[in-house]
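*Asks:* structure for this input, please:
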Amino acid sequence: MEFINRTIAESIKRLIPSFRVIVVTGARQVGKTTLCKAIFPEYDYVNLEVAAVREMIAQEPQKFIRNIGKGAVIDEAHRLPELFSYIQADVDEHPEKRYVLTGSSNFAMLERVTQSLAGRAALFTLPPFSIGEIGGRIQLMSTDELLFHGMYPASFADDMPLDYLYSNYYSTYIERDVHQLVNVKNMSAFQLFVRLCAGRAASECNFSALAAETGVSAPTLREWMCILEASYIIFRLQPYHASIGKRLVKMPKIYFHDTGILCFLLGIENAGQLATHPLRGAIFENFVVSEFVKSRLNMGKLPNLFFYRDSRGTEIDLVQTVADDLLFYEIKSSQTFNSSFFDNIKKVSALFGGRVTRSAVIYDGSETLDSQQNGIYNFRQFAYKQES
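*Replies:* Model (predicted):
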């Protein structure tokens, strides 16, 4: 597969003059190494995932640092924690040098960065491909094919069997990361927990209910959830809170960073099964929300996304905050537009007055409306709009 330009590259290049260390985290196999090598082809490259390389550098870290030229790309840097203090000393003494550190463990990387490189490092998270990046390759895919296919770079490699890809990804990376980050004594319970999370995609996360189904305590499940987040498998969307005199729900909603792995965990074996699958709407919503998250991460920013639901069940699928303004989005998997799609937006907007400056329905159909305050968009069209 030929190299595909990543949107995040421009954000990284913009900050290189200001920061001596660039940290790129993200799930395994999302293209961190390929991206960093493409942006910094003149830098030395070291992969600390290789035990022999790691041991050699560990024996003589000062020698390794001295031999770095203009800069270095160091893959899986958290595997050698003691190296961070040497990097700190080097960039302080030689401000012209640059280091690019990658890692697939958010916990480990952030711990090392905050300990040794605070104020010197710019942090980025590389997501799977976005529609804006890969659009030309998916034009002929149906929505169900796209949801099933997912957006991991490896899924676009020639002749890659998707069932093998996601099965191997789950067993090789997800379960391995779990063993590295926490000692899971009951792996079968953990596997059940992951699949139960898949069944709750785009729904609220109730740890008490999950504990009852798995037979594992809620505190342990919360720890496992944090591991899945640290490994960039899932993310949680928090409820939007505002003082409007209504009791809002406090449980977050669960989403997966990629619908390909989500479909695998749900036991969906081909795109044709999605058409009648009871969770098809949730999978579609998951895909759209993940595109919003990718847009923010590709700009080098944290997601500013929430959902709204009051005690009566009135819900807005996605609330985006921009300063004090609110943007409301309803996500519908239907291919036919219905004016009732705006009903909840109208109800909730009335509670916030003029703070709701934009609203839109994002769905699977072709009808469009692009006005200053309201919009109707096909989900692919809107994804392109977000990236432009």
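
*Asks:* the residue lying farthest from the centre of the chain sits in which helix or strand?
*Replies:* Ranked by distance from the centre of the chain (C-alpha atoms, centre = their mean), the top residue is Lys63, with 36.6 Å. If you go by DSSP states H and E, Lys63 is part of helix 61-66.

*Asks:* cool, Gly300 as well?
*Replies:* Per DSSP H and E, there is no helix or strand for Gly300.

*Asks:* which residues does it contact?
*Replies:* By C-beta atoms under 8 Å, 6 or more residues apart in numbering, Gly300 lies in contact with 8, 11-12, 14-15, 122, 124. Using the backbone N, CA and C atoms, a C-beta is placed for each residue, glycine as well.

*Asks:* how about a cut-off of 10 Å?
*Replies:* For Gly300, the contact set (C-beta atoms under 10 Å, 6 or more residues apart in numbering) comprises 8, 10-12, 14-15, 122-125.

*Asks:* can you select the buried ones from the residues you listed in PyMOL?
*Replies:* Per 16 or more other C-beta atoms under 10 Å, the buried members of the contacts of Gly300 correspond to this PyMOL selection:
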select buried, resi 8+11+12+122+123+124+125
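
*Asks:* could you dump the contacts of Gly300 into CSV with pLDDT, secondary structure and distance to Cys36 added?
*Replies:* Shown next, in CSV, are the contacts of Gly300 (pLDDT from 0 to 100; DSSP: H, G, I helix; E, B strand; the rest coil; distance: C-beta to C-beta, whole Å):
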residue, pLDDT, secondary structure, distance to Cys36
Ile8, 97, helix, 11
Glu10, 96, helix, 14
Ser11, 96, helix, 13
Ile12, 97, helix, 8
Arg14, 95, helix, 15
Leu15, 95, helix, 14
Ala122, 93, strand, 13
Leu123, 92, strand, 14
Phe124, 95, strand, 10
Thr125, 95, strand, 13
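
*Asks:* doesn't Glu223 fall inside a helix?
*Replies:* Yes: remark: Glu223 belongs to a helix, assigned using DSSP: H, G, I helix; E, B strand; the rest coil.

*Asks:* ignoring the adjacent residues along the chain, who's closest to it?
*Replies:* Val182 (6.3 Å; C-beta to C-beta, 6 or more residues apart in numbering).

*Asks:* my guess is that neighbour meets Leu221, correct?
*Replies:* No: Val182 is beyond contact range of Leu221, at 11.9 Å (criterion: C-beta atoms under 10 Å).

*Asks:* so which of those two has more stuff around it?
*Replies:* With neighbours defined as other C-beta atoms under 10 Å, Val182 and Leu221 compare such that Leu221 has more, 22 against 16.

*Asks:* what residues does the more buried one make contact with?
*Replies:* 189-190, 193, 196-197, 205, 207-208, 210-211, 213-214.

*Asks:* tell me how far Cys226 lies from Ala323.
*Replies:* 30 Å (C-beta to C-beta, to the nearest Å).

*Asks:* check Lys385 too.
*Replies:* Counting by C-beta to C-beta, the gap from Lys385 to Ala323 is 20 Å.

*Asks:* who's more crowded, those two?
*Replies:* Between Lys385 and Ala323, counted using other C-beta under 10 Å, Lys385 has the larger neighbour count: 14 against 7.

*Asks:* quick check, that one in a strand?
*Replies:* No: Lys385 is assigned helix when assessed by three-state DSSP, not a strand.

*Asks:* Thr314 contacts Glu330, doesn't it?
*Replies:* No: in this structure Thr314 lies outside contact range of Glu330 using C-beta under 10 Å: 11.6 Å.

*Asks:* compare the two and say which is more crowded by neighbours.
*Replies:* Glu330 (19 against 14).

*Asks:* which strand or helix spans the more buried one?
*Replies:* strand 325-331.

*Asks:* just the residues contacting the helix or strand that contains Glu213, thanks.
*Replies:* Per DSSP H and E, Glu213 falls inside helix 207-214. Residues outside helix 207-214 that contact it (C-beta under 10 Å, 6+ apart) are 186, 188-193, 196-197, 199-200, 206, 216-222, 224-225, 251.

*Asks:* mind listing the helices for the stretch 201-350 of the chain?
*Replies:* 207-214, 218-230, 259-265, 280-298, 343-352 (DSSP state H, counting those that start in this stretch).

*Asks:* out of the ones you listed, which comes closest to Phe129?
*Replies:* With C-beta to C-beta as the criterion, Phe129 lies closest to helix 280-298 of the helices of the stretch 201-350 of the chain, at 8.3 Å.

*Asks:* report the buried residues of that closest one.
*Replies:* 280, 282-298.
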